[in-house]
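> from the sequence below, what's the structure:
(one chain, ligands or ions: 1)
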Amino acid sequence: MSAYEVAIKNFESAAQTLELKPDLVSLLRYPERVLTVNVPVRLDSGTVVRFDGYRVQHSTARGPAKGGIRYHPAVTLEEVKALAMWMTWKCAVVNIPFGGGKGGVACNPKEMSDGELERLTRRYAAGILPLLGPDKDIPAPDVYTNPRIMGWIMDTYSMMKSDGYPTPGVVTGKPLTLGGSEGRGEATGAGVYMCLKAAAEHLHLPLKGSRTVVQGFGNAGSVAANRLDSHMSRVIAVSDSQGAVYRKDGLDIPKLILHKEATGTVAGFPDSEPISHEDLLVLECDYLIPAALENAITQDNAGRIRAKVVAEAANGPVTPEADAVLDSKGVFLIPDILCNAGGVTVSYFEWCQNEQHYYWDEHEVESKLERIMTRSFHEVLALALDRKVNMRLAANMLGVLRVAEATAGRGLYP
Ligand code: NAD
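The predicted structure is shown next:
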């Protein structure tokens, strides 16, 4: 199933369970705006190549569109549409005043020089400029984009729209020196940890002494692993695209982070044994955190998962078929639109700080994030228990309902 098919399927089951009116269902099924831009870039060699770029605004019913920009060879309009729709429900689940959007350029940034990447970013930003603005559409980093790229987007917007004067609120995930927020780098992994803490209390499955497995030791996965480690969960296995390592009594996560920084991979970490990517996912453990890419748990391996809780740090790591299998095995799933919403929540804080010109310290960011993540977890859980549905459906229902209410509340123009 493509990401788009998964997004539509999850939306339709939420809409059906909520008994949404057919006109609202058909409205919310489609994005509000879709822009495709032609992005020509002069390479260092002097040759000009062109790339396809996209920006999709799925819904602005609850606020400006919010969502990352992905640079990846596999980016397609369909994928961007799916990711934009997920952003809409995600912002609604954590109840922040944003709609959903997403952008992408089909390119391989790993093959580009810094200069080429900057020219690509500025030309793409110029192309989607009519959609952008602090009250219209606010991009952020996603796969293979980073704070430096956000700085170039902010600068391009400021030069073209504000006569060169800075408009920091047009993009989040910026470097601190340009108006980024404290805590943004840690936010997604921190939010995953906060959801797990709430789940642990609900399930009476203490983190202390538990066993955790993390697939994908990048931004989201390594921060979540580090927080669990420092709260006495034994992180027994982690992986990245180049390898996976296992230690029965728990890996030394701070040292593993240093090893990854030094060598670029978790593979070869001393005091651990190698394990295959497939075996890692089916290890017996309490908490399994897929934090890499889509389709990690499918109908092929779902039956062999031995975790008690699956926390989706990644977007879309469990397919709908696998969902049904995990459900039948009694696995407690924390769905992506709740579990990884810490990132967009601190993006919201960054935007608030930019708009107020008043900046918060790390403690303030962390405590506000914890309040929102814990409240959201309990709202989804309460709906799941009340309607006797699983956490995935409950999160989708909560997100879709809030957007449907805002859409209906605004009425139909003209
Ligand atoms: P990242 O690039 O920092 O890390 C991804 C990690 O996954 C890398 O270590 C990579 O080597 C590893 N990986 C890739 N393929 C793998 C495989 N087959 N098996 C094991 N490991 C593999 O990216 P990230 O920002 O941590 O994002 C990870 C996921 O979290 C994505 O789905 C992303 O959309 C989602 N997410 C991230 C954020 C955020 O703020 N970073 C927010 C919301 C959602």
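> what packs against whichever strand or helix holds Ala14?
Assigned by DSSP states H and E, Ala14 falls within helix 3-18. On a contact count with 3 or more CB pairs under 8 Å, 6 or more residues apart in numbering; DSSP states H and E, helix 3-18 meets helix 22-29, helix 77-93, helix 320-328, helix 391-410. Backbone N, C-alpha and C define where each C-beta goes, glycine included.
> summarise which helices and strands the first one is packed against.
Read it as helix 22-29. Other helices and strands packing on helix 22-29, by 3+ CB pairs under 8 Å, 6+ apart, are helix 3-18, helix 391-410.
> buried stuff in the first one?
Applying a neighbour-count criterion of 16 or more other CB atoms under 10 Å, the buried positions in helix 3-18 are 3-4, 6-8, 10-11, 13-15, 17-18.
> just the CA trace of the longest strand along the chain, in CSV.
Of all the segments of type strand in the chain, defined by DSSP state E, the longest one is strand 48-59. Only the C-alpha atoms of strand 48-59 are listed here, as CSV (Å, rounded to 0.1, in the frame of the first residue of the first chain):
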residue,chain,number,x,y,z
VAL,A,48,21.5,23.1,-15.5
VAL,A,49,19.3,20.3,-14.2
ARG,A,50,15.7,20.5,-13.2
PHE,A,51,13.8,18.9,-10.4
ASP,A,52,10.1,18.5,-9.5
GLY,A,53,9.0,20.3,-6.3
TYR,A,54,5.7,20.2,-4.5
ARG,A,55,3.9,22.0,-1.7
VAL,A,56,0.5,20.7,-0.6
GLN,A,57,-1.9,22.3,1.9
HIS,A,58,-4.3,19.7,3.0
SER,A,59,-6.3,21.9,5.4
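> what angle sits between that strand and helix 391-410?
Angle between the axes of strand 48-59 and helix 391-410 is 80 degrees (criterion: axes from the mean of the first three to the mean of the last three CA atoms, to 10 degrees).
> so after strand 48-59, what's the next helix or strand?
strand 65-71.
> and that next one, what's its mean pLDDT?
Per-region confidence: strand 65-71 scores 97 on mean pLDDT.
> wait, what's in contact with the residue of the stretch 51-200 of the chain found nearest the ligand?
As assessed by CB to the nearest ligand atom, the ligand sits closest to Thr188 within the stretch 51-200 of the chain, at 3.7 Å. Counting by CB atoms under 8 Å, 6 or more residues apart in numbering, Thr188 makes contact with 219-220, 223, 313, 340, 342-343.
> and if you look at Ser59?
With contact taken as CB under 8 Å, 6+ apart, Ser59 is in contact with 28, 31-32, 65, 88, 99-100, 403, 407.
> what parts of the stretch 201-350 of the chain come near the ligand?
Contact residues, the stretch 201-350 of the chain versus the ligand (CB under 6 Å from any ligand atom): 215-221, 239-241, 277, 291-293, 313-315, 340, 343.
> would you list the phi and psi of Val235?
Per-residue torsions, Val235: phi -90, psi 100 (degrees, to the nearest 10).
> equivalent analysis for Met160, please.
Per-residue torsions, Met160: phi -90, psi -30 (degrees, to the nearest 10).
> give me the neighbour count for it.
Counted with other CB atoms under 10 Å, the neighbours of Met160 add up to 14.
> cool, the one 10 residues further on as well?
Per other CB under 10 Å, the neighbour tally for Val170 reads 28.
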